[in-house]
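> structure of the sequence below:
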Amino acid sequence: MIQERDDIWLNRELYPIIQKSSLLGCLTRLGLFSLVISLIQKMTDINQFDEGYLLAKLNNSLGECLWKIGSPRKAIECFNKCYDLSSKYNLTFLAVDSLYNKARCYLYLLEFEKSLNFFETVINQSKDIDIIKNRYVCGLVFKYYLMFCIYKKLDDNNAIEQLDKLLDSIQLGIKSNGYIYLYLARIHQNFNEIEKAINKYNKALQYSEKINFKQLQAKALTGIGEVHRIQKEYKTAINHHNQSIEILEEIGAKCDLAEAYYQLALTYQEMKEMAKSQEYCDKAIELFEEIDAPKQVERVQTKMRT
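Prediction:
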């Protein structure tokens with residue numbers, strides 16, 4: 001399940017520098033999170049494995065799926081176990097990857113300072129090691145995104161252009177490649193660079209369809225919907241939000257579903273359709289409370305009062 005092999009769903013001519021994928025990775029991209037969790041749990045208690053790499057890898061995969069179905073705090077516990085095992089057995093990539101995943105969980109929970117600290121650790125630990133250079137690049141993208149969230153600016157105005165050039169020469173993981181498009185789009189959106197944002201969102205969407213990555217497809221649709229709302233194209237925005245919600249409800253990705261509900265609520269709010277806005281606001285808050293993300297709840301409540 002964790003052995004990486006050529007991906008039968010991946011066009012190597014289109015994506016020649018992307019890494020191979022494991023069975024668990026393929027199932028995760030298809031949105032079969034509950035199945036992956038069940039498969040791992042059926043391998044008896046994974047903490048009984050003697051082999052360090054296997055146990056670390058399974059904890060990392062379990063954490064990823066728990067996060068996606070709406071348990072980011074349980075996911076962090078799995079990433080902590082992965083990191084401890086990886087440090088013990090000198091598994092460099094898994095150690096850095098577990099920190100990277102944990103940083104993304106804290107980002108979702110809006111614990112920005114904590115998330116930024118972990119991303120900076122990822123950057124420092126991976127920048128001089130070729131086999132994990134992809135995590136260096138991914139860490140930079142998230143760092144720049146977080147710097148805007150915290151400080152509303154970047155220290156280097158040319159950072160994103162330089163990062164785009166760097167991406168052309170780095171081998172990324174199959175899923176990471178899509179997330180990079182997504183967060184570059186969000187950075188451009190934050191700086192009101194709408195054309196660049198929609199370009200990156202569309203790249204994320206096209207890429208997600210090529211590799212059957214349902215969660216990424218939905219997140220890209222949500223982002224495209226946000227851009228159309230900014231441009232006052234409300235019907236198009238609603239169409240994209242509804243497509244995203246349909247996918248996320250199907251695969252049970254509660255964390256992203258809560259965000260999709262919230263973005264749809266904002267769109268209806270701008271259209272002055274307050275009943276529909278409140279309906280999706282309530283749905284978002286209910287899920288964020290279930291996920292135990294109090295800062296997300298506060299974010300929704302604050303924005304909807306304006």
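> look up how far residue 134 lies from residue 166.
Residue 166 sits 11 Å away from residue 134, going by CB to CB, to the nearest Å. Where C-beta positions appear, they are placed from N, C-alpha and C, glycine not excepted.
> more crowded one of these two?
Using other CB atoms under 10 Å as the criterion, residue 166 and residue 134 rank with residue 134 on top: 25 against 14.
> and that one, what's its pLDDT?
Residue 134 is assigned a predicted lDDT (pLDDT) of 88.
> now do residue 291
So, for residue 291, pLDDT stands at 97.
> so the residue lying closest to it once chain neighbours are set aside, which state does it fall into?
Nearest residue to residue 291, sequence neighbours excluded (CB to CB, 6 or more residues apart in numbering): residue 70, at 4.7 Å. Here residue 70 is coil, with the state taken from DSSP: H, G, I helix; E, B strand; the rest coil.
> touching, residue 70 and residue 290? I think so.
Yes. Shown here, residue 70 and residue 290 form a contact pair, counting by CB atoms under 8 Å, at 6.4 Å.
> what do those two both touch?
Shared contacts of residue 70 and residue 290 (CB atoms under 8 Å, 6 or more residues apart in numbering): residue 254.
> ok, back up a step: now do the contacts for the residue nearest to residue 291.
Neighbouring residues of residue 70 by CB under 8 Å, 6+ apart: 253-255, 287, 290-291.
> narrow these to those that are buried.
For these, a burial check counting by 16 or more other CB atoms under 10 Å picks out 253-255, 287, 291.
> right, and the helix or strand after the helix or strand hosting residue 178?
Using DSSP states H and E, residue 178 sits within helix 174-190. Elements were assigned by DSSP H and E; along the chain past helix 174-190, the next helix or strand is helix 194-210.
> packing partners for that following helix?
For helix 194-210, the packing partners by 3 or more CB pairs under 8 Å, 6 or more residues apart in numbering; DSSP states H and E come out as helix 174-190, helix 214-230.
> what lies in contact with that helix?
10-11, 14-15, 177-178, 181-182, 184-186, 188-189, 213-214, 216-217, 219-221, 223-224, 227, 230-231.
> can you find the helix or strand in the chain with the smallest mean pLDDT?
helix 159-167 (a mean of 78; mean pLDDT, DSSP states H and E).
> put the alpha carbons of that one into PDB.
Extracted in PDB, the C-alpha atoms of helix 159-167 (Å, rounded to 0.1, in the frame of the first residue of the first chain):
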ATOM      1  CA  ALA A 159       9.600  36.500  -4.400                       C
ATOM      2  CA  ILE A 160       6.700  35.000  -6.300                       C
ATOM      3  CA  GLU A 161       8.300  35.500  -9.700                       C
ATOM      4  CA  GLN A 162      11.500  33.900  -8.400                       C
ATOM      5  CA  LEU A 163       9.500  31.000  -7.000                       C
ATOM      6  CA  ASP A 164       7.700  30.400 -10.300                       C
ATOM      7  CA  LYS A 165      11.200  30.000 -11.900                       C
ATOM      8  CA  LEU A 166      12.300  27.700  -9.200                       C
ATOM      9  CA  LEU A 167       9.200  25.500  -9.600                       C
END
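> give the buried residues for that helix.
159-160, 163, 167.
> how about the nearest residue to residue 180 once chain neighbours are set aside, what does it touch?
Spatial nearest neighbour of residue 180, excluding adjacent residues (CB to CB, 6+ apart): residue 141 at 5.5 Å. Neighbour list for residue 141: 163, 180, 183-184, 187 [criterion: CB under 8 Å, 6+ apart].
> tell me which element residue 141 is part of?
Element membership of residue 141 [criterion: DSSP H and E] is helix 133-151.
> ok, and for that helix, which residues are buried?
For helix 133-151, burial by neighbour count (16+ other CB under 10 Å) applies to 133-147.
> lowest pLDDT pick from those residues?
Lowest pLDDT within the buried residues of helix 133-151 is found at residue 133 (83).
> distance of that one from residue 170?
Separation of residue 133 from residue 170 (CB to CB): 6 Å.
> same question for residue 235.
39 Å.
> the more surrounded of these two?
Taking other CB under 10 Å, residue 235 and residue 170 do not tie; residue 170 has more neighbours (17 against 9).
> next, that one: phi, psi?
Dihedral pair for residue 170: phi -110, psi 140, per degrees, to the nearest 10.
> need the pLDDT of it.
pLDDT, residue 170: 76.
> is it correct that it is in contact with residue 135?
No. Residue 170 is beyond contact range of residue 135, at 9.9 Å (criterion: CB under 8 Å).
> quick one: contacts for the closest residue to residue 122 other than its chain neighbours?
In this structure, residue 122 finds its nearest non-sequential neighbour in residue 139, 4.1 Å apart by CB to CB, 6+ apart. The contact partners of residue 139, taken as CB under 8 Å, 6+ apart, are 100, 103, 119-120, 122-123, 126.
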